[in-house]
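J.: need a structure here:
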Amino acid sequence: MAPTAAQAEPTEAWQAPTLSITRYDEDWSDLADTEKRAHHWTGQFKYIPISDDVWLSTGIELRVRNENLENNLWGGAEAPNDSYVWFRALPYADLHVGKLRAFVQPIASTSASVAPSPGPVDGTGVDLLQGFVEADLGAITLRAGRQMLSLGTERLIGTRYGPNVPLAFDGLRTNVTLGAATVSLLAVKPVQARKGDFNDRTSPDKSLWGAYATLPTLDLYYLGYRNDAAHWGTRTGTETRHSLGARWHGKQDDWHWNVEGVYQFGRFADGPISAWTLGTELGRAFPDAPLTPDLTLRVNVVSGDRNRSDNRLGTFNALFPKGKYFGELSPVGPYNIVNVYSSLGMQLAPDVSASFAAMAYWRYSREDGIYDIPGNLIRDAGNSRAKFVGKEVEATLAWQATAELELSASLSAFAPGRFIRETGSAKTIRMLGLESNFRF
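T.: Numbering: from 1, shown residues only. Predicted structure coming up:
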């Protein structure tokens, strides 16, 4: 479940910032006021004065997540039935010295009962998740080091927050403020999680660079990507891909919307790349109705390869997307897919929320298979001409027990469609997820 904001009591004059996933974009400087620090027990940790113009902010996330899978990958996984527990601790310290800043966030993560064996994303031991220095030069902010990145709705660049080990990048980021616009300039490499302590390393194969501009209701961006060990279908080689994207989003009255399109070009191995995606979301809230329901409809189209016999690649590359792309149970990733999604969110009580969602999936191209979220091929096209991949339902329940503690549960089922039935094992996937998350 996505984390909710930990806020002060409504009667307090001071309101805490919304807790973020990346943590470094929370601003606790308002707690320089001693009286405001006393309004909540976490105040003494969020602003620790050291000397004039020098202060420290600290916090932690303690998460335990249990996932129970039946017929994973429609019964085709190496361990189709699995029940495991993820444990992670994410403390951080944010030191401010005038216009300079040093942010450090280690990670301690492990797992229990992952079958057939845990991988690096299940547990990386003790390592450095984030660690960077930053200089605030007014309209320009310079940052160098290891950091998590979250751009837009994380269609292309996300934190991989749902799995046990989030994704970080090593490199440089510069934020430039131009009137109402903020432009982020990036030159980074992803960090490869490894099992064992203090051994996560910068990827030797993958690079990411570009510019991401945000305005009040519009995002515009260019992202460049290179992978010297790319693998698509039966072909391997160097992939250099350029993504041009635009996102229009906003709210008006009780309506909310989010529309994003991306076109990709470049070269893979000995041929050109031409791929695209279009995602749409339209929602309507009913704040005066019982349980304040919110209805949302999404349609996502992601291109696939249309001809396996030529050297042109038409499969869209989602680069580094969020970890649970289509929901809590996401066996299918955003590659060669058409997805229709509808959901109903409700506020059962001031601190209890619920949602119900239904989804359906089709292949975009009959010549291409389906992939998981990291981009690994999980079902080859084979000789099947069927497009329908399957349908899914999901229910979630979240209780904000205290300002710092959230308890949540999700129940999902993915019934296979004709394409899955024609290409291998075809059992209904079921998943129960239970999570406890303490954060301040």
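J.: Run through the strands of the stretch 301-440 of the chain in chain order.
T.: 337-349, 352-363, 370-371, 377-379, 388-400, 405-416, 429-439 (DSSP state E, counting those that start in this stretch).
J.: where are the low-confidence patches of the protein?
T.: Low-confidence segments of the chain (pLDDT under 70): 1-13.
J.: Tell me which residue is most central in it.
T.: Centre of the chain computed as the mean C-alpha position; nearest residue by CA atoms, centre = their mean is Lys322, 2.4 Å away.
J.: Tell me the helices and strands packed up against the top helix by length along the chain.
T.: Secondary structure of the chain per DSSP state H: the longest helix is helix 418-423. The helices and strands touching helix 418-423, judged by 3 or more CB pairs under 8 Å, 6 or more residues apart in numbering; DSSP states H and E, are strand 377-379, strand 388-400. Where C-beta positions appear, they are placed from N, C-alpha and C, glycine not excepted.
J.: about what we covered before: OK, contacts around the residue nearest to the centre of the chain?
T.: Lys322 makes contact with 154-155, 158-162, according to CB atoms under 8 Å, 6 or more residues apart in numbering.
J.: can you rerun that using 6 Å?
T.: 154, 158 (CB atoms under 6 Å, 6 or more residues apart in numbering).
J.: follow-up on the earlier one: return the most buried member of the strands of the stretch 301-440 of the chain.
T.: strand 370-371 (a mean of 24; mean count of other CB atoms under 10 Å).
J.: starting at the chain centroid, how far to that one?
T.: Offset of strand 370-371 from its chain centre (CA atoms, centre = their mean, to the nearest Å): 18 Å.
J.: partner strands of it, parallel or antiparallel?
T.: With DSSP bridges as the test, strand 370-371 is paired with strand 377-379 (antiparallel).
J.: Show me what the strand it pairs with is in contact with.
T.: Contacts for strand 377-379 (CB under 6 Å, 6+ apart): 369-372, 423.
J.: can you rerun that using 10 Å?
T.: The set of residues external to strand 377-379 that reach it, using CB atoms under 10 Å, 6 or more residues apart in numbering, is 73-74, 76-77, 231-234, 315, 331-333, 335-336, 363, 368-372, 389, 419-420, 422-425.
J.: wait, Ala354 sits on Glu394?
T.: No. Checked against CB atoms under 10 Å, the pair Ala354 and Glu394 is beyond contact range at 11.3 Å.
J.: neighbours around Phe316, how many?
T.: For Phe316, the count of nearby residues is 29 (other CB atoms under 10 Å).
J.: That one and Gly266 touch, don't they?
T.: No. Using CB under 10 Å, Phe316 is not in contact with Gly266; the gap is 12.0 Å.
J.: so what's in contact with the two at the same time?
T.: Contacts common to Phe316 and Gly266, judged by CB under 10 Å, 6+ apart, are 241, 243, 273-275.
J.: Top of the residues you listed by number of neighbours, please.
T.: Ser243 (25 neighbours).
J.: Could you find the closest non-adjacent residue to that residue?
T.: Leu223 (4.4 Å; CB to CB, 6 or more residues apart in numbering).
J.: Adjacent strands (with direction) for the helix or strand encompassing the one you found?
T.: Element membership of Leu223, judged by DSSP states H and E, is strand 218-232. Applying DSSP bridges to the sheet, strand 218-232 is found paired with strand 206-214 (antiparallel), strand 235-252 (antiparallel).
J.: buried residues in that strand?
T.: 219, 221, 223-227, 230, 232 (16 or more other CB atoms under 10 Å).
J.: what do you get for stretch 280-293?
T.: 281, 283, 285.
J.: could those residues go into CSV alongside secondary structure and distance to Trp399?
T.: Output for these, formatted as CSV (DSSP: H, G, I helix; E, B strand; the rest coil; distance: CB to CB, whole Å):
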residue, secondary structure, distance to Trp399
Glu281, strand, 26
Gly283, strand, 23
Ala285, strand, 21
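J.: could the residues you listed go into CSV alongside distance to Leu142?
T.: Supplementary listing: these in CSV, determined by distance: CB to CB, whole Å:
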residue, distance to Leu142
Glu281, 34
Gly283, 37
Ala285, 39
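J.: Tell me the one among the residues you listed nearest to Gly304.
T.: Glu281 (21.7 Å; CB to CB).
J.: quick one: the helices in the protein?
T.: Remark: helices assigned in the chain by DSSP H are 34-37, 43-46, 418-423.
J.: Can you tell me which of those is nearest to Asp136?
T.: helix 43-46 (19.1 Å).
J.: Which elements pack onto the closest one?
T.: helix 34-37, strand 54-70 (3 or more CB pairs under 10 Å, 6 or more residues apart in numbering; DSSP states H and E).
J.: out of these, deepest packed?
T.: Counting by mean count of other CB under 10 Å, the most buried of the helices and strands packed on helix 43-46 turns out to be strand 54-70, with a mean of 18.
J.: What pairs with it, parallel or antiparallel?
T.: Here, using DSSP bridges, strand 54-70 pairs with strand 48-51 (antiparallel), strand 82-97 (antiparallel), strand 429-439 (antiparallel).
J.: what does the first one rub up against?
T.: Right, the one you point to is strand 48-51. So strand 48-51 is contacted by 28, 31-32, 34, 37, 54-58, 93, 95-97 (CB under 10 Å, 6+ apart).
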